[in-house]
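S.K.: This is the structure alone, sequence omitted:
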């Protein structure tokens, strides 16, 4: 029995209402995400409780929460300044926001996402903030693929990983990268909240930290390179980031020398997770997953020394 979920829901209900106030919410608690090795997220009314992944560093999470509190208009701030411990898991509480609607991709807020990233990248880096975890998540996805079992699509994905420069596989940002980064940027990390006049805000501080800002642009860049993001939407995103003075790419000219390696790493990460999940779920790969794997096939033919030169 999952003892965490009932206890988390009870904590959430208490956090959502003033002491002594009756609960008149329609739902007792809606589970938004639940994985034993990752976060469990529950909603009750307008409040979210997040039990962070097992082994989350308390000091690192505390610094990340403080950073979100200090950057209004960029990051959604937690409802409480510190995490609580529940069944050996760190738990934080957040206001509920309206996410991007996945059923209306034509209305995706690419300009807003780019502007938020640029402003985040230009913000001062708080003292002691840990490394952002983008590169570490790519390496973890590859380990998960290797542990998942045999699959005919795994070989080109692992070859594409091996073709990356050694520093990109080292689970840490490139040397001298000292920018405040989100660490896991995609459109699911944006919400609107009434307390901030309905503007888009970034959420999820678990991977926030110091690193190379190109990793925050890597997922849309990878989607564009794989044919999953139309050129017009990529151009809007890139132009909006540059207009805000974002430091990840030059203000004009070719952005790919800065984006190429992180985008390749995110392509491998996406493909590795797709294969691992398809094995667990005993299903074939879908069209989008196959497009990412096809990109890995092309990437695997590029020698590491050429990729290294392109990134310099």
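M.R.: Here it is on my side, so go on. In this text, all values refer to a predicted model and were calculated from it rather than measured experimentally.
S.K.: can you give me the helices for the stretch 151-300 of the chain?
M.R.: 154-162, 214-226, 231-243, 256-281, 287-299 (DSSP state H, counting those that start in this stretch).
S.K.: ok, and for stretch 238-254, which residues are buried?
M.R.: Neighbour-count burial for stretch 238-254, with 16 or more other CB atoms under 10 Å as criterion, is recorded at 238, 240, 241, 242, 244, 246, 248, 249. Quick note: C-beta positions are derived from backbone N, CA and C, even for glycine.
S.K.: care to break this structure down by domain?
M.R.: In terms of domains, the chain is parsed into 4-95, 105-310 (source: automatic domain parsing).
S.K.: among the ones you listed, which is the most enclosed?
M.R.: Mean neighbour counts were compared across the domains of the chain using mean count of other CB atoms under 10 Å; the top stretch is domain 105-310, at a mean of 19.
S.K.: if we can go back for a sec, would you reformat the buried residues of stretch 238-254 as JSON lines and include distance to residue 268 and pLDDT?
M.R.: Below are the buried residues of stretch 238-254 laid out as JSON lines (distance: CB to CB, whole Å; pLDDT from 0 to 100):
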{"residue": "238", "distance to residue 268": "22", "pLDDT": "98"}
{"residue": "240", "distance to residue 268": "27", "pLDDT": "98"}
{"residue": "241", "distance to residue 268": "23", "pLDDT": "98"}
{"residue": "242", "distance to residue 268": "26", "pLDDT": "98"}
{"residue": "244", "distance to residue 268": "29", "pLDDT": "97"}
{"residue": "246", "distance to residue 268": "24", "pLDDT": "97"}
{"residue": "248", "distance to residue 268": "20", "pLDDT": "96"}
{"residue": "249", "distance to residue 268": "21", "pLDDT": "97"}
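S.K.: which of those residues lies closest to residue 140?
M.R.: Checking those against residue 140 with CB to CB, the nearest one is residue 248 at 22.7 Å.
S.K.: that older thread, save the helices of the stretch 151-300 of the chain as TSV, and put in distance to residue 134 too.
M.R.: As requested, the helices of the stretch 151-300 of the chain are exported to TSV (distance: least, CB to CB, whole Å):
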stretch	distance to residue 134
helix 154-162	15
helix 214-226	4
helix 231-243	17
helix 256-281	8
helix 287-299	17
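S.K.: out of those, which comes closest to residue 112?
M.R.: That would be helix 231-243 among the helices of the stretch 151-300 of the chain, by CB to CB, at 7.9 Å.
S.K.: Contact partners for residue 211?
M.R.: Counting by CB atoms under 8 Å, 6 or more residues apart in numbering, residue 211 touches 131, 132, 134, 135, 173, 174, 177, 179, 181, 183.
S.K.: switch the cut-off to 6 Å
M.R.: Neighbour list for residue 211: 131, 132, 173, 177, 181 [criterion: CB atoms under 6 Å, 6 or more residues apart in numbering].
S.K.: Just grab the bridge partners of it for me.
M.R.: Listed beta-bridge partners, residue 211: residue 179 (assigned using DSSP bridges).
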